[in-house]
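Undergrad: Build me a model from this:
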Amino acid sequence: MLAEGYKPKRALDPDAKYGPYWRRQYIFSAATMPTITFSDVGSQIQKMYPDATWVSTELLHVSKPQVTHAWHEVSDESFGMTLLEAVRSDADYQARRGKTLIFAADGASADAVSELLFGGHVPHVVYHKSRPKLEQAAALEALREQDGTVMVCTDAAARGLDVQGITHVVQVRGLNEELAREK
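TA: The predicted structure follows:
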């Protein structure tokens, strides 16, 4: 910044605790940063950093034309077979390419879906906050490194993961909670 002609507004303190403040860079990142009221996060950032540069895109909540969506309405009786059929009949799964995420509402639901997949002979890993840290790390490693991986997870996997090659995302809702309660 100094090389580009930045002139600080106050005297520079070269002995600042974490280095000279003019060399610090702050990045605030969020999927949404509303500025609706005077006390929300976006408004506070604007007040504290009036010279900040805001970067956004119009593409955030736009449907991607290359993504195909499918909806399967199921009953209590057809839930398990429909999920197993959806995974096992997929050409990418059969060829052990691509990666599949199956999202469940909570840890108990994820464990119930895992038991269903295990009983249906579908190899998979499980990732949620109730699993031991080593198991979570192993599941993430498998997802990153092994093509054809199926991961049953909660929303804990929806934030901050950067994994290439995800080809399928399955949202299991409603009935998996019922399965978890039966156990």
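Undergrad: In this structure, mark out all the strands, start to finish.
TA: Counting by DSSP state E, the chain has strands at residues 99-103, 125-127, 150-153, 166-171.
Undergrad: Direction included, what does the second one pair up with?
TA: It stands for strand 125-127. If you go by DSSP bridges, strand 125-127 pairs up with strand 150-153 (parallel).
Undergrad: which residues are in contact with the partner strand?
TA: 87, 93, 99-104, 110, 113-114, 117, 122-128, 139, 142-143, 157 (CB atoms under 8 Å, 6 or more residues apart in numbering). Quick note: C-beta positions are derived from backbone N, CA and C, even for glycine.
Undergrad: When you filter those residues down to buried only, what's left?
TA: Neighbour counting by 16 or more other CB atoms under 10 Å classes 87, 93, 99-104, 110, 113-114, 117, 122, 124-128, 139, 142-143, 157 among these as buried.
Undergrad: before we move on, the earlier item: could you dump the strands of the chain into TSV with mean pLDDT and distance to Val62 added?
TA: Listed next are those as TSV, based on pLDDT from 0 to 100; distance: least, CB to CB, whole Å:
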stretch	mean pLDDT	distance to Val62
strand 99-103	91	21
strand 125-127	93	28
strand 150-153	93	25
strand 166-171	88	17
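Undergrad: Can you say which of those is nearest to Lys64?
TA: Nearest of the strands of the chain to Lys64, taken as CB to CB: strand 166-171 at 12.1 Å.
Undergrad: and that closest one, how far from the chain's centre?
TA: 11 Å (CA atoms, centre = their mean, to the nearest Å).
Undergrad: Same check on stretch 44-56?
TA: Per CA atoms, centre = their mean, the centroid offset for stretch 44-56 relative to its chain is 26 Å.
Undergrad: Leaving out sequence neighbours, find the closest residue to the residue positioned nearest the centre of the chain.
TA: Residue closest to the mean C-alpha point of the chain, counted by CA atoms, centre = their mean, is Ala158 at 1.7 Å. Excluding its sequence neighbours, the residue lying closest to Ala158 (CB to CB, 6 or more residues apart in numbering) is Phe103, at 7.1 Å.
Undergrad: who touches that neighbour in this structure?
TA: Here Phe103 is in contact with 153-155, 157-158, 169-172 (criterion: CB under 8 Å, 6+ apart).
Undergrad: which residue ranges form the helices in this protein?
TA: With DSSP state H as the criterion, the chain has helices at 41-48, 79-88, 91-94, 107-119, 133-145, 175-182.
Undergrad: can you tell which of those helices is closest to Gln164?
TA: Between those, helix 133-145 lies closest to Gln164; by CB to CB that is 7.9 Å.
Undergrad: re the thing from before, point out the most buried one among the helices of the chain.
TA: helix 107-119 (a mean of 20; mean count of other CB atoms under 10 Å).
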